[in-house]
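K.L.:
sequence first, predicted coordinates after that:
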Amino acid sequence: MNETILITGGAGFIGSHVARALLERGYRVRVLDSLIDQVHGGRGPTLLAPEVEFMRGDVRDEAAVTRALEGVGSVIHLAAEVGVGQSMYAIDRYVSVNELGTAVLFQQLIHKPVRRVVVASSMSIYGEGLYRDADGRLHDDVLRSPRRDGAANWDPLDAQGRPLVPVPTPESKRPQLASVYAINKYTQERLTLTLAPAYGMEGVALRLWNAYGPGQALSNPYTGVLAIFAARIQNRQRPMVFEDGQQRRDFVHVGDVAKAFVLALEHPKAAGQVFNVASGQDRTVEEVALALAAAMGRPELGPEMTGKARSGDIRHNIPDITRIQQELGFSVDRDFQQDLAELAEWVASQQQAEDRVLQARKELEMRGLVA
Ligand code: UD1
């Protein structure tokens, strides 16, 4: 494997794990990353292995991207703003980094085409996942309507007012873009799958579910929910759960996400396709809050239900991972409790994580985005 792989946004949580997996397979790895403060807190690329060639720069900066593409065989495009809630008010920033950034990358790739471009997309593009009604009919167009006062639960209902049950969502479900972030991720995906073949390259998009594990940014209030909960528990505060905590997600360990990127980069069948990436095991947010508090030795810090929803959030989305399993041979074999203990250990090894979660929630509330 003599290829040099450029990872944009590679100094972050997922990128640093992908970089390590690639180094282990004998690739040379270069990272282009602007080290935004919200994620990196003014620190350098501390998560990166020393063998990685690091270049500081913004993916929207043509000159930086041109330099970063020099001698590169394939690209993994991870540079992005990632907060679903934040995307609903920092609209210009999200569209700029996520969409213009991808456009600049492809503009430069026209002059320096590579073998393959793998982009990180998101399950967010589905909006609500696939649901089944009481008669067994599937619904791929479920929209969340605002919860009526006194309604017993937060789950979407069918036209007769009967609750719909979430079922695994395959790649064929039509997208429903419920947040600026989802719009951005779909654009990134389409740009990749449209432009790569137009210029003799192969494009692949991975739709990630909720990645977690060591290296997750702890002081970033817009980071994933497990890191937010871990930071709060470490600061002896109870995790704050939106809605009633029964919303379902699939939490996938970052090591498995890295494995999926390697497959997406190497497997001949991956070219031109999109793949769901998840563990195949869905859980409620309440369940993971309880399990994390236990793994961190603070079972008394049980979740606090806010009874409020975050604007742009979806209720349930659980994955169907058959395609990546069958076509690329992806498999997951992990112990969730052990992985939470590993996350807890990482949290404990960090300096006291700044708890900016309350401040972030205030920002959303001020703008009427939590109600
Ligand atoms: C996350 C990622 C997104 C990724 C997507 C893929 C982040 C910031 N977002 O979005 O980049 O593409 O997964 O699946 O990593 N919640 C609480 N309390 C909190 C924070 C969140 O209850 O303090 C709830 C949310 O309302 C939501 C769930 O936890 O129901 C997950 O939230 P979050 O971790 O932000 O993930 P997604 O929105 O699913």
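P.N.:
Here it is on my side, so go on. Owing to the predicted nature of the structure, the values given are computational and were not obtained by experimental measurement.

K.L.:
which residues of this protein lie near the ligand?
P.N.:
82-84, 122-124, 208-210, 222-225, 228, 240-242, 247, 249, 285, 310, 313, 357 (C-beta under 6 Å from any ligand atom). Using the backbone N, CA and C atoms, a C-beta is placed for each residue, glycine as well.

K.L.:
show me what whichever helix in the chain runs longest is packed up against.
P.N.:
As assigned by DSSP state H, the longest helix anywhere in the chain is helix 180-198. With contacts taken as 3 or more C-beta pairs under 8 Å, 6 or more residues apart in numbering; DSSP states H and E, helix 180-198 sits against helix 84-87, helix 91-94, helix 101-111, strand 116-122, strand 202-208.

K.L.:
the fourth one: partners in the sheet, and parallel or antiparallel?
P.N.:
Strand 116-122 has its sheet partners listed here by DSSP bridges as strand 74-77 (parallel), strand 202-208 (parallel).

K.L.:
so Leu343: helix, strand or coil?
P.N.:
Under the three-state scheme (DSSP: H, G, I helix; E, B strand; the rest coil), Leu343 adopts helix.

K.L.:
list the contacts for Trp213?
P.N.:
No Trp there; residue 213 is Gly. By C-beta atoms under 8 Å, 6 or more residues apart in numbering, Gly213 lies in contact with 13, 17, 253-255, 339, 342-343, 346.

K.L.:
likewise Glu189?
P.N.:
Counted by C-beta under 8 Å, 6+ apart, Glu189 has contacts 119, 121, 125, 205, 207, 274.

K.L.:
check the residues you listed and tell me the two furthest apart.
P.N.:
Val119 and Ile125 (11.8 Å; C-beta to C-beta).

K.L.:
look up phi and psi at the residue lying farthest from the centre of the chain.
P.N.:
What lies farthest from the middle of the chain is Gln160; by C-alpha atoms, centre = their mean that is 34.2 Å. With angles defined as degrees, to the nearest 10, Gln160 sits at phi -90, psi 10.

K.L.:
restricted to strands, list the residues of the chain next to the ligand.
P.N.:
122, 208, 210, 240-241, 249 (DSSP state E).

K.L.:
need the winner for burial among the strands paired with strand 116-122.
P.N.:
strand 74-77 (a mean of 26; mean count of other C-beta atoms under 10 Å).

K.L.:
which stretches of the stretch 101-250 of the chain have low pLDDT?
P.N.:
Applying pLDDT under 70 to the stretch 101-250 of the chain flags residues 145-152.

K.L.:
among the helices and strands packed on helix 180-198, which is the most enclosed?
P.N.:
Scoring the helices and strands packed on helix 180-198 by how many neighbours each averages, mean count of other C-beta under 10 Å, gives strand 116-122 as the top one, at a mean of 26.

K.L.:
understood, closing this out.
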